[in-house]
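1. below are the sequence and a predicted model; questions follow.
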Amino acid sequence: MIKIRGLTKRYGEVDVLKGLDIDVAPGEFLVVLGPSGAGKSTLLRCINRLTEPTQGDIHIDGELATSNAASLRKLRREVAMIFQHYNVVPRLSVQKNVLTGRLGAVPSVLSWLQVFPRKDVEIARECLRRVELDEKAEMRTDTLSGGQKQRVGIARALAQQPKVILADEPVASLDPKTSRTVLTYLKQASRELGITVICNLHQIDYAKEFGERIVGVSAGRIVFEGKPEALTDEMLQRIYPGLDEGRAQSASPQRDEAPATGLHNFALEEA
């Protein structure tokens with residue numbers, strides 16, 4: 001689904017990304033693990049062209065991603081983004097925030113008027129049911145908790161009906177219990193809908209728990225790539241240089257209650 005070759009991003013004299021090669025299979029839940037400043041966010045921003053790479057090629061579903069207008073329109077329809085700080089519009093209702101994921105599928109005049117076809121409203125409600133927020137559809141989004149706002153972000157991404165979701169530190173601001181709940185919704189949606197997910201994390205425990213495969217990044221280079229069970233203390237030292245075993249354990253969130261289960265298995269209609 002995603003093929004990255006020789007990806008480099010340079011700011012002035014500093015190479016933030018240094019020739020990354022990454023393959024992501026269709027429907028895979030890939031975790032990119034690394035400390036702050038490792039280049040994880042820059043990687044995602046290069047994939048969706050919010051940042052222009054200095055060098056390298058990115059292919060998505062067999063097509064080269066470029067910055068020309070036609071390619072960008074297609075890219076923004078097929079690749080959804082979940083941000084660390086929610087990026088919801090506080091004064092809008094939960095449902096209208098989710099409906100912004102449908103903007104690429106409706107005429108511009110309707111989007112300006114915040115008028116959406118019934119089919120799009122049904123898609124938004126399906127997505128809210130998937131993250132168990134359908135009962136809050138008409139509430140203002142600024143009345144929700146942080147975890148609920150992030151679930152709105154997941155529903156909005158799903159409403160886009162993308163091939164790929166890029167999640168940039170989606171639980172960095174959440175407590176451990178809420179973090180596991182949010183990651184559970186995201187992974188289950190990926191599995192049930194066949195969406196390829198690249199999820200940036202810096203928490204070791206979550207990477208092992210939710211990643212089907214982990215790519216470890218340190219100082220702009222890939223220093224580990226493999227299954228979660230292969231993430232040994234030695235590998236963690238490569239990702240987090242100078243982090244001893246005790247500090248590695250303290251860097252990982254502590255387990256508490258199991259994540260929410262019983263998520264609904266709703267299939268989205270074709271747009």
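-> Perfect, I can see it now.

2. just the element for the residue sitting nearest the centre point of the chain, please.
-> By CA atoms, centre = their mean, the mean C-alpha position of the chain lies nearest to A167, the distance being 1.5 Å. With secondary structure defined by DSSP states H and E, A167 is part of strand 164-168.

3. so what are the sheet partners of that strand and their directions?
-> strand 79-82 (parallel), strand 196-201 (parallel) (DSSP bridges).

4. now, of those, which is deepest in the fold?
-> Across the strands paired with strand 164-168, averaging neighbours per residue (mean count of other CB atoms under 10 Å) puts strand 196-201 on top, at a mean of 25. All C-beta spots, glycine's among them, are computed from the backbone N, C-alpha and C.

5. what's the spacing between that one and its chain's center?
-> 5 Å (CA atoms, centre = their mean, to the nearest Å).

6. then stretch 44-57?
-> Counting by CA atoms, centre = their mean, stretch 44-57 comes out at 16 Å from the chain centroid.

7. got a list of contacts for that stretch?
-> 2-10, 17, 19-20, 32, 42, 58, 60, 64-67, 72, 75-76, 79, 81, 164, 166, 168, 198, 200 (CB atoms under 8 Å, 6 or more residues apart in numbering).

8. excluding its backbone neighbours, what's nearest S71?
-> In this structure, S71 finds its nearest non-sequential neighbour in A65, 6.4 Å apart by CB to CB, 6 or more residues apart in numbering.

9. the one you found reaches H59, doesn't it?
-> Yes - between A65 and H59 there is a contact at 7.0 Å, judged by CB atoms under 8 Å.

10. looking at these two, which has the bigger crowd around it?
-> A65 (22 against 14; other CB atoms under 10 Å).

11. buried subset of the contacts of stretch 44-57 as a PyMOL selection?
-> Provided next is the PyMOL selection string for whichever of the contacts of stretch 44-57 are buried by 16 or more other CB atoms under 10 Å:
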select buried, resi 2+4+7+8+9+17+20+32+42+58+60+65+75+76+79+81+164+166+168+198+200
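
12. restricted to strands, list the contacts of stretch 44-57.
-> 2-10, 17, 19-20, 32, 58, 60, 64, 79, 81, 164, 166, 168, 198, 200 (DSSP state E).

13. and the strand holding A167 with strand 2-11, angle?
-> 40 degrees (axes from the mean of the first three to the mean of the last three CA atoms, to 10 degrees).

14. restricting to C-alpha, output whichever helix or strand comes after strand 164-168 in CSV.
-> Proceeding N to C from strand 164-168, the next assigned helix or strand is helix 176-193, under DSSP H and E. The C-alpha trace of helix 176-193 is given here as CSV (Å, rounded to 0.1, in the frame of the first residue of the first chain):
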residue,chain,number,x,y,z
PRO,A,176,-3.4,5.5,30.2
LYS,A,177,-7.0,4.1,30.4
THR,A,178,-8.3,6.6,27.8
SER,A,179,-5.2,6.0,25.6
ARG,A,180,-5.9,2.3,25.4
THR,A,181,-9.5,2.9,24.6
VAL,A,182,-8.7,5.3,21.8
LEU,A,183,-6.0,3.0,20.3
THR,A,184,-8.5,0.1,20.5
TYR,A,185,-11.1,1.9,18.5
LEU,A,186,-8.4,2.9,15.9
LYS,A,187,-7.0,-0.6,15.6
GLN,A,188,-10.3,-2.3,15.4
ALA,A,189,-11.5,0.1,12.7
SER,A,190,-8.3,-0.6,10.7
ARG,A,191,-8.9,-4.4,11.0
GLU,A,192,-12.6,-4.4,10.2
LEU,A,193,-12.4,-1.8,7.3
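
15. kind regards, and thank you for your time.
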